[in-house]
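Visitor: Give me a model of this one.
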Amino acid sequence: MLPDGDDLDWSALHYEPLAERPSKVFLGHLGQPTGPGATVDDWLDGLPAVLAANGLKRLRDALVTAHERGRPIMAALGGHVVKTGCAPYLIDWMERGVLKGLALNGSAAIHDLELAIAGKTSEDVGPRLAEGSFGFARETSDLFASACERAAALECGLGTALGDLVIEQGGPGLDASLLAAARRSGLPLTVHVGIGTDIVHMNPRLNGAALGQATLDDFRTLCVLVAGLEGGVWLNLGSAVVLPEVFLKAVSVVRNLGHSLDGLTTANLDFDQKYRGLLNVLQRPGAEGVALTGHHELMIPLLHAAVVARLSAPVPARNGHG
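Guide: Reported below is the predicted structural model:
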């Protein structure tokens, strides 16, 4: 039987002075609104000094510090990052020398390819699936199949082959293409495919052996890149499953071979924090992890602006390729 309230000696409750009670939020933590003409730095410095605002500034500082010390910064991204219009921010970082490499899943590579050659991407899946037309764009599938064949024959990796073919094909979106930008800048870009996950795998022309060889070569390239990440930063942008798993295996390879990842900062940016991003990117590698939750089309431009505001070197002029 539960005790009756009258059985408690309420007068014996112990209180302490508010001034002596431990607290987590103080006046100095409160946000400071900015006025007209404020810079990005002003706005960031005025954010409340709590939770995600602290995480954003901590990640900004890690990126700027790694860049200034010449340590590598790499970004891994899923298809939604490309579909939400965020590739130009990553391209700008590439041109500024901030990003030293990219890892894409199959979806990100396909959306980037379509934007490059056609200036558009992303289908309305429901209606097109019902009518049996979803995923059957001819140029997308054929170009991807050709890239796999070239990558296997030349042993150059899928990302390199896709980048070269996109540039050769031409199109209205080359300046917005990560594949093209990486090839033009000479930066490594790897593509990591889960067979059966992408629309191009439905193409009867696709050679499974070539696809497997092409993406396996890219995984081995990625392991070389991860081996140099001591003191650097790994950004996982919008990939909930494939790239967190790929990163974990690459970490295992480089640690098995005796490479240090001391001082590595990892970050997971997504609109919903999932199991693999939290464990495989932020916790299991033993790095300092930062989780930022929000829409890509807001968070990635915000992080880009925060970093660029701290950089002194101007971005080089674009070549104007179309």
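
Visitor: Geometric centre of this structure: which residue is closest?
Guide: What sits nearest the mean C-alpha location of the chain, by CA atoms, centre = their mean, is Leu237, with 2.4 Å.

Visitor: Wait, it touches Leu269, no?
Guide: Yes - counting by CB atoms under 8 Å, Leu237 touches Leu269, with 5.1 Å between them. Glycine gets a C-beta too; all of them are placed from N, C-alpha and C.

Visitor: what's the overlap in contacts for these two?
Guide: Common contact partners of Leu237 and Leu269 (CB atoms under 8 Å, 6 or more residues apart in numbering): His296, Ile300.

Visitor: circling back to that earlier point, what's the closest non-adjacent residue to the residue nearest to the centre of the chain?
Guide: Of all residues not flanking Leu237 in the chain, Leu77 sits nearest, at 4.2 Å (CB to CB, 6 or more residues apart in numbering).

Visitor: Contacts only, for the residue nearest to the centre of the chain.
Guide: Leu237 touches Ala75, Ala76, Leu77, Gly78, Val81, Cys86, Leu269, Asp270, His296, Ile300, counting by CB under 8 Å, 6+ apart.

Visitor: Contact partners for the closest residue to the fourth one other than its chain neighbours?
Guide: Leaving aside its sequence neighbours, Gly78 sits nearest to Ser239 (CB to CB, 6+ apart; 3.6 Å). Contact partners of Ser239, counting by CB under 8 Å, 6+ apart, are Ala76, Leu77, Gly78, Asn105, Ala108, Gly277.

Visitor: same thing but 6 Å
Guide: Ala76, Gly78, Asn105 (CB atoms under 6 Å, 6 or more residues apart in numbering).

Visitor: The first one: neighbour count?
Guide: Taking other CB atoms under 10 Å as the criterion, the count of residues near Ala76 is 27.

Visitor: Could you verify that it is part of a strand?
Guide: Yes - assessed with DSSP: H, G, I helix; E, B strand; the rest coil, Ala76 lies in a strand.

Visitor: Does it touch Ala103 like I think?
Guide: Yes - assessed by CB atoms under 6 Å, Ala76 is found in contact with Ala103 at 4.1 Å.

Visitor: where does the stretch 101-250 of the chain dip in pLDDT?
Guide: Low-confidence segments of the stretch 101-250 of the chain (pLDDT under 70): none present.

Visitor: surely Pro72 meets Gly232?
Guide: Yes - the criterion here is CB under 6 Å, and Pro72 meets it with Gly232 at 4.2 Å.

Visitor: the more surrounded of the two?
Guide: Neighbours were counted for Pro72 and for Gly232 using other CB under 10 Å; Gly232 has more, 25 against 19.

Visitor: For the more buried one, which residues are in contact?
Guide: With CB under 6 Å, 6+ apart, Gly232 has these contacts: Ala66, Arg71, Pro72, Ile73.

Visitor: quick one: the last one from Ala267, how far?
Guide: Relative to Ala267, Ile73 is positioned 10 Å away (criterion: CB to CB, to the nearest Å).

Visitor: How many residues are close by the spatially closest residue to Val98 that is not a sequence neighbour?
Guide: Closest residue in space to Val98, ignoring its immediate chain neighbours: His67 at 5.3 Å, by CB to CB, 6+ apart. Other residues lying near His67 total 23 when counted by other CB under 10 Å.

Visitor: Not counting its own residues, what contacts the helix or strand containing His67?
Guide: Here His67 sits within helix 51-68, counting by DSSP states H and E. If you take CB under 6 Å, 6+ apart as the criterion, helix 51-68 is touched by Leu47, Ile73, Val98, Gly232, Val233, Thr265, Ala267, Val290, Leu292, Ala306, Val307, Arg310.

Visitor: which residues touch stretch 175-194?
Guide: Contact partners of stretch 175-194, identified using CB under 6 Å, 6+ apart, comprise 87-88, 91, 94, 101-106, 109, 112, 115-116, 158-159, 162-163, 166-167, 174, 215, 218, 221-222, 242, 246.

Visitor: Mark which of these are part of helices, please.
Guide: Of the contacts of stretch 175-194, the ones assigned to helices by DSSP state H are 87-88, 91, 94, 106, 109, 112, 115-116, 158-159, 162-163, 166-167, 215, 218, 221-222, 242, 246.

Visitor: what's the burial count for the closest residue to Phe144 other than its chain neighbours?
Guide: Nearest non-adjacent residue to Phe144, counting by CB to CB, 6+ apart: Val200, 4.1 Å away. Other residues within reach of Val200, judged by other CB under 10 Å, total 24.

Visitor: In this structure Val200 contacts Leu143, no?
Guide: No - in terms of CB under 6 Å, Val200 does not count as a neighbour of Leu143; the distance is 8.7 Å.

Visitor: Are any of the contacts of helix 51-68 buried, and if so which?
Guide: The neighbour-count test (16 or more other CB atoms under 10 Å) marks Ile73, Val98, Gly232, Val233, Thr265, Ala267, Val290, Leu292, Ala306, Val307, Arg310 as buried among those.
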